[in-house]
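Colleague: Using only what follows, build the 3D model:
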Amino acid sequence: MTDTAVPAQIPTPMPVPEVTPGTAGPPCEYARLRAEQPVVQAQLPNGETAWLLSRYADARAAFADPRLVRPLLSAWPPVEGDDAPPPCLPTFLEMRGEHHERVRRAVLPLFGRGRLEFMRPRIRAIAEELIDAMTAGSPDRTADLVAGYVEPLPLRVLCETIGLPHEDRDRYLPHTLTLLSAAGLTMDEILTALYALQDYASELITRKEEEEEEEEGGGAPQDGDYIRLLLAETRRSGSELVRDDVVSFVVTMLMAGYKTNMQHTGNALLTLLTHPDQLRRLREEPAGIATAVDELLRHVPLMNAINILVAEEDLTLHGQLIRAGDAVVPVPASANRDPGAFTDPDRLDLSRTPNPHLAFGHGPHACTGAHLSRMQLAVVIQVLLEKLPGIELAEPAESLPWDETTPLRAPARLPVRW
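Modeller: Reported below is the predicted structural model:
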């Protein structure tokens with residue numbers, strides 16, 4: 001991020017660009033902003049203002065800029081006075097400095113490509129089971145791909161990897177879904193959901209601790225779920241991890257690992273189904289699925305404008321003064337369509353390489369679960385094409401209903417036939 005001259009005045013904040021109804025985005029308005037106003041002040045759904053960064057280079061630099069930090073979700077916008085509520089524990093995205101480094105050292109190895117390979121056969125088994133159940137219940141060879149496949153799979157994968165009880169989903173999912181709309185919520189609503197998730201995570205950890213005490217001759221720690229592995233790390237002599245960090249881990253995975261993956265998977269499958277030529281080539285050349293996944297992550301936004309950073313000191317960018325305390329929002333959905341970074345960026349090209357998209361952010365707070373998300377989407381596509389090679393939409397794409405309850409929109413139904 002480079003310093004340039006500061007303008008005499010700041011224009012009135014514009015509304016955050018809206019996604020065209022019935023699409024996942026990104027909003028078309030970002031093309032104009034990239035060309036004319038790459039740094040512009042906008043009004044967020046909760047009434048606060050923030051500087052939107054729409055170009056790839058600016059968004060990438062902002063994610064890694066130490067002058068821009070993620071605020072606590074439970075403490076932004078800041079509340080002054082003695083009656084300010086106590087903040088919740090930070091999620092992994094909000095941890096800073098030495099705290100973030102020591103937690104990252106403990107958690108990141110669990111999400112490396114090699115370490116996660118144990119999940120590939122499990123994800124495949126879940127995907128095959130869901131497809132088999134969907135086809136067995138469809139004598140006319142039609143079904144809703146969202147209800148039968150897209151919606152249940154990410155939660156089951158998350159539960160098996162992390163160690164979340166699937167049977168508890170009615171307790172934690174409502175609060176998780178609430179927080180995905182945090183930009184438009186009151187602080188009371190945000191705190192209520194965060195406190196509830198934090199309490200649930202602490203209770204779950206207590207249950208696992210009690211189960212471990214009761215078990216005799218159990219498996220080695222490396223055979224446990226990720227919550228148990230991290231709890232074992234807290235007990236290791238010289239460990240830098242504490243119990244609260246494990247609570248934060250559970251809350252972070254609930255917020256980042258379910259609905260976002262579900263919505264993106266639905267959008268990715270719709271994109272493939274509406275590009276039959278590319279889908280056919282992918283079916284004929286399955287070795288290209290990994291490359292295709294990265295293009296789907298670039299082309300279909302994982303998020304639109306919800307990455308809030310706060311400036312810790314004054315800085316200028318493209319002639320705009322960003323003062324200490326100002327919110328800054330890099331927009332990956334816009335950055336990933338920047339012609340300055342990608343050739344013909346609005347075209348889906350499943351063989352695009354290299355593909356340095358920002359779907360998972362960048363820098364020290366890049367998404368910890370990126371490899372798991374890639375693996376999950378790759379297996380979802382591969383199993384679907386193997387099991388249902390003739391799959392196609394059963395209704396026109398423009399007539400599909402959409403779930404637009406969170407910033408990441410997705411089809412509410414995907415009627416298909418095979």
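Colleague: residue boundaries of the strands in this structure?
Modeller: 14-15, 39-43, 49-53, 68-69, 142-144, 309-311, 315-317, 320-322, 327-330, 392-393, 402-403, 410-411, 415-417 (DSSP state E).
Colleague: could I get these as CSV with mean neighbour count, mean pLDDT and distance to residue 372?
Modeller: C-beta: built from backbone N, CA, C; applies to glycine. Listed next are these as CSV, based on neighbours: other CB atoms under 10 Å; pLDDT from 0 to 100; distance: least, CB to CB, whole Å:
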stretch, mean neighbour count, mean pLDDT, distance to residue 372
strand 14-15, 12, 93, 35
strand 39-43, 18, 96, 32
strand 49-53, 24, 96, 27
strand 68-69, 20, 95, 26
strand 142-144, 18, 98, 25
strand 309-311, 20, 96, 24
strand 315-317, 19, 96, 33
strand 320-322, 20, 96, 34
strand 327-330, 24, 96, 23
strand 392-393, 15, 97, 28
strand 402-403, 16, 94, 23
strand 410-411, 24, 94, 19
strand 415-417, 19, 98, 26
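Colleague: quick one, which of those strands is nearest to residue 162?
Modeller: strand 410-411 (22.5 Å; CB to CB).
Colleague: Quick one, which of the strands of the chain gets closest to residue 60.
Modeller: The nearest among the strands of the chain, by CB to CB, is strand 327-330 at 7.8 Å.
Colleague: For that closest one, what is the distance to the chain centroid?
Modeller: 17 Å (CA atoms, centre = their mean, to the nearest Å).
Colleague: Quick one: list the elements packing against that strand.
Modeller: If you count contacts as 3 or more CB pairs under 8 Å, 6 or more residues apart in numbering; DSSP states H and E, strand 327-330 packs onto strand 49-53, helix 56-64, strand 309-311.
Colleague: one more time with 6 Å
Modeller: strand 49-53, helix 56-64 (3 or more CB pairs under 6 Å, 6 or more residues apart in numbering; DSSP states H and E).
Colleague: what residues does it touch?
Modeller: Contact with strand 327-330 is made by 50-53, 59, 62-63, 68, 305, 307-310, as judged by CB atoms under 6 Å, 6 or more residues apart in numbering.
Colleague: what do you get for stretch 66-80?
Modeller: Applying CB under 6 Å, 6+ apart, the contact partners of stretch 66-80 are 48, 62, 87-88, 90, 93-94, 191, 194, 309-313, 315, 328.
Colleague: Return the closest of those with respect to residue 286.
Modeller: residue 93 (33.9 Å).
Colleague: Double-check the closest one against residue 364; I have them as touching.
Modeller: No. Using CB atoms under 6 Å, residue 93 is not in contact with residue 364; the gap is 10.2 Å.
Colleague: Among the two, which residue is more densely surrounded?
Modeller: Taking neighbours as other CB atoms under 10 Å, residue 93 and residue 364 compare with residue 93 leading, 19 against 13.
Colleague: Now for the more buried one: which residues touch it?
Modeller: 70, 365.
Colleague: Need phi/psi at it.
Modeller: Backbone torsions of residue 93, given as degrees, to the nearest 10, read phi -70, psi -20.
Colleague: pLDDT weak spots in this structure?
Modeller: The chain contains residues with pLDDT under 70 at 1-11, 81-82, 182-184, 216-224, 304-305.
Colleague: change it to 80
Modeller: Applying pLDDT under 80 to the chain picks out residues 1-11, 74-75, 78-87, 180-187, 215-224, 303-306, 405-408.
Colleague: Next, format the strands of the chain as a markdown table and append distance to residue 22.
Modeller: Output for these, formatted as a markdown table (distance: least, CB to CB, whole Å):
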| stretch | distance to residue 22 |
| --- | --- |
| strand 14-15 | 19 |
| strand 39-43 | 23 |
| strand 49-53 | 23 |
| strand 68-69 | 34 |
| strand 142-144 | 17 |
| strand 309-311 | 30 |
| strand 315-317 | 34 |
| strand 320-322 | 33 |
| strand 327-330 | 24 |
| strand 392-393 | 14 |
| strand 402-403 | 5 |
| strand 410-411 | 9 |
| strand 415-417 | 15 |
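Colleague: and residue 134, which of those strands is closest to it?
Modeller: Using CB to CB, the nearest of those to residue 134 is strand 142-144, at 4.9 Å.
Colleague: Give the next helix or strand downstream of that closest one.
Modeller: helix 145 (DSSP states H and E).
Colleague: Let me see the residues that make contact with that next one.
Modeller: By CB under 6 Å, 6+ apart, helix 145 touches 414, 416.
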